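A.B. asks: sequence plus predicted model, see below.
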Amino acid sequence: MDESSVRAVGWAQSFPISRGVRAGRIWARRHLDSLEWTKNAPDMVDSVLLSISELVTNAHVHAHSDAQLVLTWDSQCLHVSVHDGDTAIPRPRQADDTMTGGRGLAIVDALADSWHTHRQRDGKTITACFIPPELASAGQPLPPDPARPEAGSSQDVLVVAEEQGDGAASSA
């Protein structure tokens, strides 16, 4: 299958509270290496990994839940999605200097090109979009917000990622 026929590639992995966020960062870095982002966009990799740390930490600490991490690359945006078992929608809050927490979503908001939350019957998923520098500088529009799909948008991509032995899944 040549590169022009691939619409999206994705990876999914569950990270139990017992494994911690470090395992999520290591797993994600391996997949970003396969996209050559560590070579071509090292600052973006740091932003993605820090956002993953914050989102997985939120799932473990606030939702008291395992974190299902899904990375999806659609040739325009790296979608970083973390699902947890709590249906409560988090709200960014203003953290003061005396607080040791409360900055996770503010960090994701500062680093990602866009992000949104989707409530589901069994919890919620927070998805952050990261557009690589070469596409962002070319003036590429942001991907559509799934909460407000536009009729007939050709950018809508459905990726069904199932956890496999190596955590990989792809869709054409």
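C.D. replies: Received, thanks. Worth saying up front: this structure is predicted, and the values here are computed from it rather than measured. Numbering: from 1, shown residues only.
A.B. asks: the helices in this protein, which residues?
C.D. replies: Along the chain, the segments classed as helices by DSSP state H run 20-34, 37-40, 42-61, 104-111, 133-136.
A.B. asks: now those as TSV including mean neighbour count and mean pLDDT?
C.D. replies: In short, each C-beta sits where N, CA and C put it, glycine included. What follows is the helices of the chain, written out as TSV (neighbours: other CB atoms under 10 Å; pLDDT from 0 to 100):
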stretch	mean neighbour count	mean pLDDT
helix 20-34	17	93
helix 37-40	14	85
helix 42-61	20	95
helix 104-111	17	92
helix 133-136	13	76
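A.B. asks: which stretch among the ones you listed comes nearest Ala67?
C.D. replies: Of all these, helix 42-61 sits nearest to Ala67, with 3.7 Å by CB to CB.
A.B. asks: list the neighbours of the closest one that are in contact with it.
C.D. replies: With CB atoms under 8 Å, 6 or more residues apart in numbering as the contact definition, helix 42-61 has outside contacts at 15, 17, 20-21, 24-25, 28-29, 32, 37-38, 65-67, 69, 78, 80, 82-84, 90, 101, 104-105, 107-108, 111-112, 126, 128, 130, 132-133.
A.B. asks: do that again at 7 Å, thanks
C.D. replies: Helix 42-61 is contacted by residues 15, 17, 21, 24-25, 28-29, 32, 37-38, 65, 67, 69, 78, 80, 82, 84, 90, 104, 107-108, 111-112, 126, 128, 130, 132-133 when judged by CB atoms under 7 Å, 6 or more residues apart in numbering.
A.B. asks: run through this structure and note the low-pLDDT ranges.
C.D. replies: Segments of the chain classed as low confidence (criterion: pLDDT under 70) are 1-6, 95-96, 99-102, 136-172.
A.B. asks: please redo it, this time with the cut-off set to 90
C.D. replies: Regions of the chain meeting the criterion pLDDT under 90 cover residues 1-8, 19-20, 34-41, 75, 90-104, 106, 132-172.
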